[in-house]
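Novice: got a sequence here, can you build the structure:
(chains A and B)
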Amino acid sequence: MIAAFPQAMPVEGLLGGLLIGLSAAIMLLGNGRIAGVSGLAARATGLGTGSAPRGMALAFIIGLPLGAAVIALLLGGVEIRYPASIWPIVVGGLFVGYGTRLGSGCTSGHGVCGMSRLSLRSITATLLFMASGIATVALMRAGGLL
Amino acid sequence: MKRVIAALAAGAIFGAGLALSGMADPQRVRAFLDIFGAWDPTLAFVMGGALAPMAIAWAIQRRMARPILAGVFDLPPTRGIDRPLAVGAVIFGVGWGISGLCPGPAIAGLALAPSHAIVAVAAMGAGMALHRLTSR
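Specialist: Numbering: from 1, shown residues only, chains lettered A, B, ... in the order given. Presented below is the predicted three-dimensional model:
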């Protein structure tokens, strides 16, 4: 497995995943809510309606870069490679923003919180965005865009 | 106030998880979707690591009358697959594939690669605003 995929980070992935699951568990058992980043971000900025108290949504969103900064400090940096051109970021971001609102969630809300409660809506959404993401990257590869 | 502090802590733990797991790196995320290229399975480990504690949390939640810090559980429906859910998920996946970015990593990235992440976050905000404007 590791030899076949030399770039993989299974240990860091599992540990980071456990932290993400712990975070979602705190939101669920503490605040009674789903830790869906797109929904909380939309609520925090007023770009979407939702029932989450605005202060709570804002606090969660502010926490995201704070936690990432702590890991960057502890590890002496975190690898983060953006596309060379600005266009994939802009076009991809527009699709992501629109799609998460229309589809009521993203990788955190549907993928982590919804799938773990065996939500049919979330399992469907996750399978669909995985499939369309894979198809999009395959098309980009075929078209010489990768 | 306790709920806000819990949310801040949860957000920070989430952001730490994204940074530690490599999921703040758009190229690594896109490599998971790139099954015809140099496929990187890391995202599957992240999902597995995240689903395990959450499955336990749901089992605990079912035995709780109310959350620890709030009056009621306020949770989305699990059933009723409709057209907006499906179309939205497909559109999200296209953007995810194009950029390697989803909302959590983009926002966490504000602390790691601010000049790029701000563009991603602004574009996502514009997409959300477009949805809001067109769905009234």
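Novice: ok, the nearest residue to A:Phe95 once chain neighbours are set aside - contacts?
Specialist: Excluding the flanking residues, the one nearest A:Phe95 by Cβ to Cβ, 6 or more residues apart in numbering or on different chains is B:Gly95, at 2.7 Å. No exception for glycine: its C-beta is placed from N, CA and C like everyone else's. For B:Gly95, the contacting residues are A:91-99, B:101, B:127, by Cβ atoms under 8 Å, 6 or more residues apart in numbering or on different chains.
Novice: ranking by neighbours, what's the top pick from those?
Specialist: In terms of neighbours by other Cβ atoms under 10 Å in any protein chain shown, those top out with A:Gly97 at 33 neighbours.
Novice: can you tell me, leaving aside adjacent residues, what's nearest to that residue?
Specialist: A:Gly97 sits nearest to B:Gly127 (Cβ to Cβ, 6+ apart), 2.3 Å away.
Novice: so which other helices or strands are in contact with the helix or strand containing that neighbour?
Specialist: Element membership of B:Gly127 [criterion: DSSP states H and E] is helix B:114-134. If you count contacts as 3 or more Cβ pairs under 8 Å, 6 or more residues apart in numbering or on different chains; DSSP states H and E, helix B:114-134 packs onto helix A:37-45, helix A:87-102, helix B:103-108.
Novice: run the angle between it and helix A:87-102 for me.
Specialist: Between helix B:114-134 and helix A:87-102, the angle comes out at 40 degrees (axes from the mean of the first three to the mean of the last three Cα atoms, to 10 degrees).
Novice: angle of helix B:114-134 against helix A:37-45?
Specialist: Using the same axes, to 10 degrees, the inter-axis angle of helix B:114-134 relative to helix A:37-45 is 80 degrees.
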